[in-house]
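> Pasting the sequence and the predicted coordinates here, then a few questions.
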Amino acid sequence: MTQIITIANRRGGVGKTATAHALGAGLLRRGLRVLFVDLDSQCNLSYDLGIEEPEASSLEVLEGSIEASEAIIHTERGDLLPASPALATSDKVIDGVGKEYRLRDALQSVARKYDYIIIDTPPALGVLTVNALTASNKVIIPAQAEIHSLQGLEQLYKTIDAVKHFTNRRLKVEGVLLTRYVGRSIISQDMRSNFEELASVISTKVFSTPIRECTAIKEAQATQTSIFEYAPKSNASKDYNAFIEEFLGD
């Protein structure tokens with residue numbers, strides 16, 4: 001059965017796109033079939049995969065004007081349903097009865113071709129994130145070890161809980177992944193304990209290996225390569241590999 005995984009956090013700058021890319025790239029390196037779905041109007045995941053001006057995007061798929069198979073681009077680094085800056089208007093143009101199910105329904109025709117579908121979402125809790133959560137089996141929450149991310153996690157969970165109640169009872173919060181982590185910092189250590197306490201309250205966990213702060217991640221993005229290609233011996237590469245092993249072992 002195809003696993004559909006949303007990477008979500010209502011805050012920006014917490015490593016959603018880096019995590020989506022690393023997770024998909026790591027799964028591909030393990031011989032698995034992966035489709036990336038970019039729902040963020042900033043188009044960062046699409047750029048990181050080498051796609052800057054696609055002929056069609058996830059917005060047209062959500063609007064129902066084209067099929068997902070017509071918009072998917074085959075790249076050397078995995079298949080991609082790319083984003084468009086026009087996704088910024090999605091809360092206005094994606095409306096009507098059943099709007100929360102648009103992505104789920106669109107992916108049904110292509111899902112069997114993949115082992116994993118990885119969805120990158122915008123830093124907001126609008127119709128795009130709700131569509132992603134409704135389509136998914138699991139959600140992974142990247143977060144920084146700081147108080148605003150902790151507050152944001154509580155707000156995100158309310159949205160996830162509503163999705164589980166109304167549109168997708170099978171959705172599971174797979175875990176919180178701490179990113180841009182500075183292990184020697186006392187505040188990071190204290191905040192990790194706070195995240196673990198909150199995770200237990202919402203019936204999930206904090207992944208064992210945090211992703212350490214690492215300039216190689218930004219450098220890899222600038223060169224449109226995965227962290228594993230760009231800096232295989234970097235802390236980030238080691239950390240993301242450990243995270244993927246933990247994820248696959250669940």
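Great, that's in hand.
> tell me which residues in the helix or strand of the chain with the lowest mean pLDDT are buried?
Using mean pLDDT, DSSP states H and E, the weakest-scoring helix or strand in the chain turns out to be helix 186-201, at a mean of 82. Across helix 186-201, burial judged by 16 or more other CB atoms under 10 Å covers S188, M191, R192, F195, L198, A199. Quick note: C-beta positions are derived from backbone N, CA and C, even for glycine.
> Adding distance to F166, write the residues you listed out as CSV.
Formatted as CSV, the buried residues of helix 186-201 follow (distance: CB to CB, whole Å):
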residue, distance to F166
S188, 36
M191, 32
R192, 32
F195, 27
L198, 23
A199, 23
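> And those, which is closest to A231?
Among the buried residues of helix 186-201, S188 lies closest to A231 (CB to CB), at 22.2 Å.
> in terms of contact, does the closest one touch A143 like I think?
No - using CB atoms under 8 Å, S188 is not in contact with A143; the gap is 11.7 Å.
> For the chain, just list every one of the helices.
Using DSSP state H, the helices of the chain run over 16-29, 44-48, 58-63, 68-71, 90-93, 102-107, 127-135, 147-166, 186-201, 215-222, 227-230, 235-249.
> Pick out the shakiest of these, pLDDT-wise.
Mean pLDDT values for the helices of the chain show the minimum at helix 186-201, a mean of 82.
> helices or strands up against that one?
helix 147-166, strand 172-179 (3 or more CB pairs under 8 Å, 6 or more residues apart in numbering; DSSP states H and E).
> which of those is buried the deepest?
strand 172-179 (a mean of 23; mean count of other CB atoms under 10 Å).
> what helices or strands is that strand leaning on?
Using 3+ CB pairs under 8 Å, 6+ apart, strand 172-179 is in contact with helix 16-29, strand 138-144, helix 147-166, helix 186-201, helix 235-249.
> so which of those gets nearest K113?
helix 16-29 (13.8 Å).
> Report the angle between the closest one and strand 172-179.
On the basis of axes from the mean of the first three to the mean of the last three CA atoms, to 10 degrees, helix 16-29 is oriented at 110 degrees to strand 172-179.
> what comes into contact with helix 16-29?
If you take CB atoms under 8 Å, 6 or more residues apart in numbering as the criterion, helix 16-29 is touched by 5, 7-9, 34, 36, 40, 44-45, 48-49, 77-78, 115-116, 118-121, 123, 140, 142, 177, 179, 211, 217, 221, 226-229, 236, 240-241, 243-244, 247.
> Relative to A111, how far out is the residue sitting furthest away from the middle of the chain?
Note on the chain: the largest C-alpha distance from the chain mean falls to I186, namely 28.1 Å (CA atoms, centre = their mean). From I186 across to A111, the span is 45 Å (CB to CB, to the nearest Å).
> Next: R33.
Distance of R33 to A111, computed by CB to CB: 11 Å.
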